[in-house]
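**Student:** A predicted structure for the sequence below; I have some questions about it.
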Amino acid sequence: MRPAEFREDLGEPRSSPESRLIVIHDQPQECPYLDDVLARMPLRLPIGKLDSQSLDRLLELGYRRTGDFVYRTQCPGCQACEPTRVIVDQFVWSKSLKRVLQRGDNELTYSFGPATSDDERIELFNRHRRARSLDRGDDAVDEASYRAFMVDSCCETTELSVRHDGRLIAVAVIDVSAQSLSAVYTHFDPDYSKYSLGTYAILRQIAWAQQTRRQYVYLGMYVQENSHLNYKSRFVTQQRLIRGQWVTFKSPPR
């Protein structure tokens, strides 16, 4: 039985791949999601490439990947970040989500391939950050920084690229494991907002997961008070990792 908020306890780690992670940085920092909050997100380096099963287990434990490293939040006094995953075979294709997918498929082209670093992608990344006020006044990302964040990886990774009349308008980097896909980061052209490109990229990943019979699509962090992250609640049925347990939500908040 799975009521509206079913709790799935992770229990004790089973041959946890955490034993193969080396902590390389663990200092308090400004929270990237909430203002005036101190965050702690120890950065860990896997020993060797993560295989599919190890990646699945780390995702289940709430880890995310950035470049060659993995991390999960361990913030003092704050539990706002909730790792989120869609249960693929229970996903609800609402009328509005179907419209987004259909319009994108009719008017755009998409492809999956290796994660790539080039001028086109770097320019798109910086335009996305500026338009959505994600740069926090920082300098534009250069080729080395883009490659370190979007291309370098400790696991199997692919890229979803979306184009309109040949113009690159969205890129989503995705980690691929045996039972899951994990949406690492998506950036898109703010001039093409009519296509709801962030949503479209997620729907394309869910459709791919359904076609390949994967169990989950991980969407990263849900933070209720962050407008860039709380939209994820519309993708149901989903689970969020809350105080060490996966809690199931069958409908978005009203």
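**Tutor:** Yes, it's here.
**Student:** give me the three-state assignment for the residue nearest the centre of the chain.
**Tutor:** Relative to the mean C-alpha position of the chain, the nearest C-alpha, by C-alpha atoms, centre = their mean, is the one of A183, at 3.2 Å. Classification of A183 into helix, strand or coil gives strand, according to DSSP: H, G, I helix; E, B strand; the rest coil.
**Student:** what of the one 10 residues further on?
**Tutor:** S193 carries the three-state label helix when classified by three-state DSSP.
**Student:** that one and G113, how far apart?
**Tutor:** Distance from S193 to G113, counting by C-beta to C-beta, to the nearest Å: 25 Å. Glycine gets a C-beta too; all of them are placed from N, C-alpha and C.
**Student:** before we move on, what about S145?
**Tutor:** Noted for S145: a distance of 21 Å to G113, by C-beta to C-beta.
**Student:** count of neighbours near A201?
**Tutor:** As a burial measure, the neighbour count of A201 was computed by other C-beta atoms under 10 Å and equals 23.
**Student:** residues touching the closest residue in space to it that isn't next to it in sequence, list them.
**Tutor:** Take A201 and drop its neighbours on the chain: the residue closest to it by C-beta to C-beta, 6 or more residues apart in numbering is A172, 4.2 Å away. A172 is in contact with E159, L160, V162, A183, V184, Y185, T186, A201, R204, Q205, counting by C-beta atoms under 8 Å, 6 or more residues apart in numbering.
**Student:** got the contact list for Q29?
**Tutor:** Q29 touches L38, A39, R40, M41, counting by C-beta under 8 Å, 6+ apart.
**Student:** how about 6 Å then?
**Tutor:** A39 (C-beta atoms under 6 Å, 6 or more residues apart in numbering).
**Student:** bridged to it, which residues?
**Tutor:** Per DSSP bridges, the residues bridged to Q29 are A39.
**Student:** T109 too?
**Tutor:** In this entry, T109 is beta-bridged to R163, by DSSP bridges.
**Student:** I'd like the distance between it and P83.
**Tutor:** Relative to P83, and taking C-beta to C-beta, T109 is found at 31 Å.
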